[in-house]
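Enquirer: need the 3D shape of this:
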Amino acid sequence: MLNRISKVLGEGIDVQTLISAEPTCLTPDSFYLSVTEEITGKPAILVRKMVEVMLVMLDVLTSP
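Expert: As a prediction, this is how the structure comes out:
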């Protein structure tokens, strides 16, 4: 996922994982949910499949 995000953002942007949560858990830590919304400006979308999580996060990061 980080590789895909890095390609979208370009070489001049340093991409690092700051916080993560188990994508198959539909009851993540409430702090994770609030940080996700604060950073992306959108509430976290909770899904079960890792591929879906990756695509949702990429959409959130690349949407205007």
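
Enquirer: burial of Val15, as a residue count?
Expert: By other CB atoms under 10 Å, 14 other residues sit near Val15. All C-beta atoms are positioned from the backbone trio N, CA, C, and that covers glycine.

Enquirer: now name the helix or strand holding it.
Expert: Under DSSP states H and E, no helix or strand contains Val15.

Enquirer: same question for Ile13.
Expert: Element membership for Ile13, per DSSP H and E: none, as it lies in no helix or strand.

Enquirer: and it, how far from Leu61?
Expert: When distance is defined by CB to CB, to the nearest Å, Ile13 is 11 Å away from Leu61.

Enquirer: next: Gly12.
Expert: From Gly12 across to Leu61, the span is 16 Å (CB to CB).

Enquirer: compare those two (neighbour count), which wins?
Expert: A count of neighbours by other CB under 10 Å puts Leu61 above the other of Gly12 and Leu61, at 15 against 5.

Enquirer: chain neighbours aside, what residue packs nearest to the residue nearest the centre of the chain?
Expert: In the chain, the residue lying closest to the centroid (CA atoms, centre = their mean) is Met57, at 3.8 Å. Excluding the flanking residues, the one nearest Met57 by CB to CB, 6 or more residues apart in numbering is Met1, at 6.8 Å.

Enquirer: just checking, what packs against the helix or strand harbouring Ile39?
Expert: For Ile39, the host element (DSSP H and E) is helix 30-40. On a contact count with 3 or more CB pairs under 8 Å, 6 or more residues apart in numbering; DSSP states H and E, helix 30-40 meets no helix or strand.

Enquirer: chain center to it, what's the gap?
Expert: Distance of helix 30-40 from the chain centroid (CA atoms, centre = their mean, to the nearest Å) equals 10 Å.

Enquirer: hang on, the earlier thing: surely the residue nearest to the centre of the chain meets Val8?
Expert: No - in this structure Met57 lies outside contact range of Val8 using CB atoms under 8 Å: 11.2 Å.

Enquirer: contacting residues around stretch 7-22?
Expert: By CB atoms under 8 Å, 6 or more residues apart in numbering, the residues outside stretch 7-22 that reach it are 2, 5-6, 28-29, 32, 35, 58, 61-62.
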